[in-house]
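Asker: Fold the stuff below for me.
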Amino acid sequence: MCASACGLAWLAGREKFVFPTSQVGFHAVYTDPDSTMRISGGGNALVGAYLQQLGFNEALIIYATDTEPTSMQWLTVADAERFRLNVTLIEDNAPLAQEHEVTAYTLPDIGPLPRPRPPLSTDVAGSSLVGGNDEKQNGGAK
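Answerer: Residues are numbered from 1 along each chain as shown. Okay, here's the model as predicted:
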């Protein structure tokens, strides 16, 4: 089973594989601050932008983000064909081809990650947009 964010990652694969019993599922992005599972318009916009960068059209974007968070849109063979997903079925008893074996890869050392930026200020009066007001940024001098 590959559902939710896993389904979105699966879509990014150059080659997409499934077994006969595989399930790939999608649903709308949501927030859950008070156990209400509210659909996130911003989150779904980001998923749409991601899928568009992968080359998918609006029909697939809607398909992947339109189902309520309490449910799941399970990908069917007909849907995969409709969206031209080029999915390869791997029979349960078939060995993987040599060309699909996983090889080890070591990531290069890129050094320490950059520090996160300070949060944007919500106080508009007397503030720069980043990191608080001018007084704090200039060591108390105005």
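Asker: Need the nearest residue in space to residue 88, chain neighbours excluded.
Answerer: residue 17 (5.1 Å; Cβ to Cβ, 6 or more residues apart in numbering). Using the backbone N, CA and C atoms, a C-beta is placed for each residue, glycine as well.
Asker: check contacts around that neighbour.
Answerer: Neighbouring residues of residue 17 by Cβ atoms under 8 Å, 6 or more residues apart in numbering: 87-90, 100.
Asker: Need the per-residue pLDDT for it.
Answerer: Each residue has a pLDDT score; the one for residue 17 is 91.
Asker: Doesn't it belong to a strand?
Answerer: Yes. Under DSSP: H, G, I helix; E, B strand; the rest coil, residue 17 sits within a strand.
Asker: before we move on, back to that, can you put the contacts of residue 17 in a markdown table and add pLDDT and secondary structure?
Answerer: Below are the contacts of residue 17 laid out as a markdown table (pLDDT from 0 to 100; DSSP: H, G, I helix; E, B strand; the rest coil):
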| residue | pLDDT | secondary structure |
| --- | --- | --- |
| 87 | 91 | strand |
| 88 | 90 | strand |
| 89 | 88 | strand |
| 90 | 87 | coil |
| 100 | 50 | helix |
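Asker: could those be laid out in CSV, adding neighbour count?
Answerer: Shown next, in CSV, are the contacts of residue 17 (neighbours: other Cβ atoms under 10 Å):
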residue, neighbour count
87, 18
88, 10
89, 11
90, 15
100, 11
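Asker: what would these look like in JSON lines with distance to residue 11?
Answerer: Shown next, in JSON lines, are those (distance: Cβ to Cβ, whole Å):
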{"residue": "87", "distance to residue 11": "10"}
{"residue": "88", "distance to residue 11": "14"}
{"residue": "89", "distance to residue 11": "17"}
{"residue": "90", "distance to residue 11": "18"}
{"residue": "100", "distance to residue 11": "18"}
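Asker: Point out where this protein drops to low pLDDT.
Answerer: 92-108, 110, 113, 116, 119-142 (pLDDT under 70).
Asker: repeat that with 50
Answerer: 126-138, 140, 142 (pLDDT under 50).
Asker: which residues in it form strands?
Answerer: 2-3, 16-18, 24-26, 30-31, 38-39, 73-74, 87-89 (DSSP state E).
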